[in-house]
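Trainee: Predicted coordinates and the sequence they were generated for:
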Amino acid sequence: MLVPFGRGHRRTTLRLVSWLLCSVIASAVASAQDRPDPELLASITTIRAVDDHSHPLPARNPGATAAIPADPLGTSPPFFSVRQRETNPEWIEAWRALYGYPHRDASAEHVRDAFSAKQRVMLEKGTNYPAWILDQAGIEFVLVNAPRLGLGQTEPRFRWVPYADGFLFPFPVADLPLNPQPRRVEVGLDKAPPPWADYLASVSSRLRQWKASGAVAIKFTIAYYRSLDFARTAEADAKNIYDRYLQDGAAQPPDYRTTDYKTLQDFLFRHVVREAGRAGLAVHVHTGEGGGPVFGVAGSNPLLLDSVVNDFSLSQTTFVLVHGGFPFDRAVVALIQKPNVYADLSAQTFFRSRHDLSETLRLWLWAFPEKILFGTDAFTNTALRGWEEMTWLATRSGREALALALTQMIAAGDMTRPRAAEVARMVLRDNAIRLYKLTP
Ligand SMILES: [Zn+2]
């Protein structure tokens, strides 16, 4: 339609100009909030981080040789999310950054080059390889959740976090699909169970032994076996069940999914975490979604730990909600207000988008920035989707999500710029250094 020339035309032009101006301003504001402030991101990238939860691969034995696997990239099971899969183009960026991979694709032929390049770097770095990977990702300290530290994983940069789940299985259990037997062996339960009082004492002495060997925390992945609702239980009730199982001796091993085994575990969990606190070990608990097609998500809700973290007799124990309880991240705000409860970002830095994670961070950082710990949950899946690549990717996207959250908070007037810089340092390193008393 033609616009008539004259007064009306000027009005229309003015309207058009002001509409254009508004949309330019609106889109500038939107883009400022959708992308991290470049200066803030650059300064966050220089902060040497502490990775609160990881499962690093030890260095390769120098004498060992590795043949190129037929498919070094591998294929993923259906429950792997998009970012974990072999189709994620970010793996290519990691190989380029870490091993000098020259290609920009992951064709079957080229991934063999990525594997060879990675092997060359591993051989060249020798036992320094795991520490060199930390350098590339900008990580100073990493907490390694594993039965023991491996070759090249040495203090002060690599700190040990042993699994404690085995303590909750004092008796061999029926052979279920998720058999906790390896977890039992890790805590030394390879002999016939002792009388009740001796069992409780053996837990305390092993925790002190771990602390003396350099452990900074213990870790429970118990949500893979049962719900996190550890009820308050009288010792006499737990002891009765224990004594009955002890008398049954070599009879059919008990099923840990029964009410009695649960009651026994409810008591033992509180005993283990109380003794861990006394020994100076923090307690890591897997919270929120877990891997695999049969993980019980509802039982991993960190709110189920409410009565544990409110138990006055456990006030000496520090709890870390590993993986920040996602998708129950809003509930986490209510838990981290308690003086002895922290949450980490491990796995969230890898499995969620930067934008999505920044929303959780805004929620948490507004309320309790001193309780949030950076983490990766890096582990090895296949030869080219390993701990190294995951560490590099999760650290990069964790920094970006943090920078984005802080940029949005500055824009919203929730935080000043100097305070944002301070909070970034707290999340990436200072909170963890204070909590675990880490010294170089
Ligand atoms: Zn993990």
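Mentor: Received it, and whenever you're ready, just let me know what you need. Numbering: from 1, shown residues only.
Trainee: Can you check the distance spanned by stretch 302-309, start to finish?
Mentor: Its start and end residues considered, stretch 302-309 measures 10 Å (CA to CA, to the nearest Å).
Trainee: got the buried residues for it?
Mentor: By neighbour count on 16 or more other CB atoms under 10 Å, the buried set for stretch 302-309 is 302, 304, 305, 306, 308, 309. Every C-beta, even on glycine, is put in place using the N, C-alpha and C of the backbone.
Trainee: Name the next helix or strand downstream of the helix or strand of the chain with the lowest mean pLDDT, please.
Mentor: Ranking every helix and strand in the chain by mean pLDDT, DSSP states H and E puts helix 7-34 at the bottom, with a mean of 52. Heading C-terminal from helix 7-34, the first helix or strand you meet, by DSSP states H and E, is helix 38-45.
Trainee: pLDDT averaged over that following helix - what is it?
Mentor: Averaging pLDDT along helix 38-45 gives 98.
Trainee: Next, check the buried residues of stretch 302-309 against the strands and list the overlap.
Mentor: Among those, no member is found in strands (DSSP state E).
Trainee: could these go into JSON lines alongside pLDDT and distance to residue 333?
Mentor: As requested, those are exported to JSON lines (pLDDT from 0 to 100; distance: CB to CB, whole Å):
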{"residue": "302", "pLDDT": "98", "distance to residue 333": "11"}
{"residue": "304", "pLDDT": "98", "distance to residue 333": "16"}
{"residue": "305", "pLDDT": "98", "distance to residue 333": "14"}
{"residue": "306", "pLDDT": "97", "distance to residue 333": "13"}
{"residue": "308", "pLDDT": "98", "distance to residue 333": "18"}
{"residue": "309", "pLDDT": "97", "distance to residue 333": "14"}
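Trainee: Identify those among these that sit within helices.
Mentor: Those of the buried residues of stretch 302-309 mapping onto helices are 306, 308, 309, per DSSP state H.
Trainee: if I look at the last one, how far off is residue 343?
Mentor: With distances taken as CB to CB, to the nearest Å, residue 309 is found 12 Å from residue 343.
Trainee: Just give the nearest non-adjacent residue to residue 301, would you?
Mentor: Leaving aside its sequence neighbours, residue 301 sits nearest to residue 328 (CB to CB, 6 or more residues apart in numbering; 4.9 Å).
Trainee: ok now do the one you found, which residues does it touch?
Mentor: Residue 328 makes contacts with 287, 288, 300, 301, 302, 303, as judged by CB atoms under 8 Å, 6 or more residues apart in numbering.
Trainee: returning to what we had before: what residues are shared contacts of residue 309 and residue 343?
Mentor: Residues touching both residue 309 and residue 343 by CB under 8 Å, 6+ apart: residue 335.
Trainee: Could I get the CA-only coordinates of stretch 262-277 as PDB?
Mentor: In PDB, the C-alpha atoms belonging to stretch 262-277 read as follows (Å, rounded to 0.1, in the frame of the first residue of the first chain):
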ATOM      1  CA  LYS A 262      17.200 -50.900  54.400                       C
ATOM      2  CA  THR A 263      16.800 -50.400  58.200                       C
ATOM      3  CA  LEU A 264      20.300 -51.700  58.700                       C
ATOM      4  CA  GLN A 265      21.700 -49.400  56.000                       C
ATOM      5  CA  ASP A 266      19.800 -46.400  57.300                       C
ATOM      6  CA  PHE A 267      21.700 -46.800  60.600                       C
ATOM      7  CA  LEU A 268      25.000 -47.600  59.000                       C
ATOM      8  CA  PHE A 269      24.800 -44.600  56.700                       C
ATOM      9  CA  ARG A 270      24.500 -42.200  59.600                       C
ATOM     10  CA  HIS A 271      27.300 -44.000  61.400                       C
ATOM     11  CA  VAL A 272      29.700 -43.800  58.400                       C
ATOM     12  CA  VAL A 273      29.000 -40.100  57.700                       C
ATOM     13  CA  ARG A 274      29.300 -39.200  61.500                       C
ATOM     14  CA  GLU A 275      32.700 -41.000  61.600                       C
ATOM     15  CA  ALA A 276      33.800 -39.400  58.400                       C
ATOM     16  CA  GLY A 277      33.100 -36.000  59.800                       C
END
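Trainee: Contacts for it, please.
Mentor: If you take CB under 8 Å, 6+ apart as the criterion, stretch 262-277 is touched by 164, 167-170, 200, 203-204, 207, 218, 220, 222, 226, 230-235, 237-238, 241-242, 245, 256, 282-283, 308, 311, 313-319.
Trainee: same thing but at 6 Å, please
Mentor: 164, 167-168, 203-204, 207, 218, 230-231, 233, 238, 241-242, 283, 314, 316-317 (CB atoms under 6 Å, 6 or more residues apart in numbering).
Trainee: Let's see which of those end up in helices.
Mentor: 203, 204, 207, 238, 241, 242.
Trainee: what's the closest of the residues you listed to residue 361?
Mentor: Proximity of the ones in helices among the contacts of stretch 262-277 to residue 361, judged by CB to CB, is greatest for residue 207, which lies at 32.8 Å.
Trainee: Once you drop chain neighbours, what's closest to that closest one?
Mentor: residue 279 (4.5 Å).
Trainee: How far does stretch 378-388 sit from its chain's centre?
Mentor: Stretch 378-388 sits 15 Å away from the centroid of its parent chain (CA atoms, centre = their mean, to the nearest Å).
Trainee: Please apply the same query to stretch 149-164.
Mentor: 16 Å.
Trainee: who's in contact with it?
Mentor: 58-59, 127, 129-131, 141-145, 183, 186, 210, 214-220, 272, 440.
Trainee: what about it, start to end distance?
Mentor: End-to-end span of stretch 149-164 (CA to CA): 15 Å.
Trainee: Can you pull out the low-pLDDT segments for the stretch 51-200 of the chain?
Mentor: Of all residues in the stretch 51-200 of the chain, none has pLDDT under 70.
Trainee: residue boundaries of the helices in it?
Mentor: Assigned by DSSP state H, counting those that start in this stretch, the helices in the stretch 51-200 of the chain fall at 90-99, 108-125, 129-137, 181-186, 196-212.
Trainee: Can you add distance to residue 64 and give these back as a markdown table?
Mentor: As requested, those are exported to a markdown table (distance: least, CB to CB, whole Å):
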| stretch | distance to residue 64 |
| --- | --- |
| helix 90-99 | 18 |
| helix 108-125 | 10 |
| helix 129-137 | 13 |
| helix 181-186 | 24 |
| helix 196-212 | 29 |
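Trainee: Would you format those as CSV with distance to residue 249 and mean neighbour count included?
Mentor: Formatted as CSV, those follow (distance: least, CB to CB, whole Å; neighbours: other CB atoms under 10 Å):
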stretch, distance to residue 249, mean neighbour count
helix 90-99, 52, 20
helix 108-125, 49, 17
helix 129-137, 45, 20
helix 181-186, 17, 16
helix 196-212, 15, 16
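Trainee: so which of those helices comes closest to residue 373?
Mentor: helix 129-137 (16.0 Å).
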